[in-house]
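S.K.: missing the sequence, but the structure's below:
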């Protein structure tokens, strides 16, 4: 079974600064997808960024980028130029690439990010 | 596009009653939907996978008779909490996979959630 670990329960960042959220995972599969989801106070889950395991290049989406280290099974999220609207709970998630397009997500425990003005 | 709705957004019920929560894919068809439970400041816990036209697949430890799932059509899945008790109070979220517009990737789209309070 796959597991996703987020060991930091909370982090804080100054507005306009950069913050990195950590995530590690464990799997015996060779192909999979990794995700970072954001859950603001509204509790609506929002996809931040996605990484395909077979791609060596790290994914980027505007101010959000990942550091994907497949051998180390590490998948961290970097948020640059942090904004007040980035304050939320962030979840790292894993999805197998072998069990079909409708396969389930495995989530980490999440990290609460606060942004100081 | 790719909107998932849930109804109701909040519900308060008395202990011992049953509550039905609806999950709808508004602009796409979903043969599969997922139901999660989330406690405050905690992660999403997958309860079951809802399959259109067949029985739901429940995760280990989830009581099938307590959390009834019916995937009646390609756009609707329902979760019924039977004989609800205060410990069933939680935030329930559904999701459904579909292709994001302009993408070849199948992505999970989440509903806004339903807050259940059992008195």
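M.R.: Perfect, I can see it now. Because the structure is a prediction, the values reported are computed rather than measured. Numbers count the residues shown, from 1 in each chain, chains lettered A, B, ... in the order given.
S.K.: Run through the neighbouring helices and strands of the strand or helix carrying residue A:11.
M.R.: Here residue A:11, judged by DSSP states H and E, is contained in strand A:10-14. In terms of contacts (3 or more Cβ pairs under 8 Å, 6 or more residues apart in numbering or on different chains; DSSP states H and E), strand A:10-14 is packed against strand A:19-21, strand A:111-116. Quick note: C-beta positions are derived from backbone N, CA and C, even for glycine.
S.K.: and the ones you listed, which is most packed in?
M.R.: Neighbour counts (mean count of other Cβ atoms under 10 Å in any protein chain shown) averaged over each of those peak at strand A:19-21, with a mean of 18.
S.K.: Counting by contacts, list what the worst-scoring helix or strand of chain B on mean pLDDT packs against.
M.R.: Scoring the helices and strands of chain B by mean pLDDT, DSSP states H and E places strand B:106-110 at the bottom, with a mean of 89. Where contact means 3+ Cβ pairs under 8 Å, 6+ apart, strand B:106-110 is packed against strand A:46-52, strand B:90-99.
S.K.: Report the strands that pair with the strand holding residue A:11, each with its relative direction.
M.R.: Strand pairing for strand A:10-14, using DSSP bridges, gives strand A:111-116 (parallel).
S.K.: Need the residues that contact the strand it pairs with.
M.R.: By Cβ atoms under 8 Å, 6 or more residues apart in numbering or on different chains, the residues outside strand A:111-116 that reach it are A:6, A:8-15, A:19, A:21, A:79, A:82-84, A:86-90, B:41.
S.K.: quick check: mean pLDDT across that strand?
M.R.: For strand A:111-116, mean pLDDT is 98.
S.K.: Repeat that for stretch B:2-11.
M.R.: The average of the pLDDT scores along stretch B:2-11 is 95.
S.K.: what about that stretch, start to end distance?
M.R.: With Cα to Cα, to the nearest Å as the measure, the first residue of stretch B:2-11 is 25 Å from its last.
S.K.: circling back: next, the buried residues of the strand holding residue A:11.
M.R.: Across strand A:10-14, burial judged by 16 or more other Cβ atoms under 10 Å in any protein chain shown covers A:11, A:13.
S.K.: Then stretch B:19-30?
M.R.: Going by neighbour count (16+ other Cβ under 10 Å), the buried part of stretch B:19-30 is B:19, B:21-25, B:28, B:30.
S.K.: count of neighbours near residue 33?
M.R.: Answering for chain A, as no chain was given. Residue A:33: 19 surrounding residues under other Cβ atoms under 10 Å in any protein chain shown.
S.K.: meant chain B actually
M.R.: Quick note: residue B:33 (other Cβ under 10 Å) scores 30 neighbours.
S.K.: I appreciate the help and will end here.
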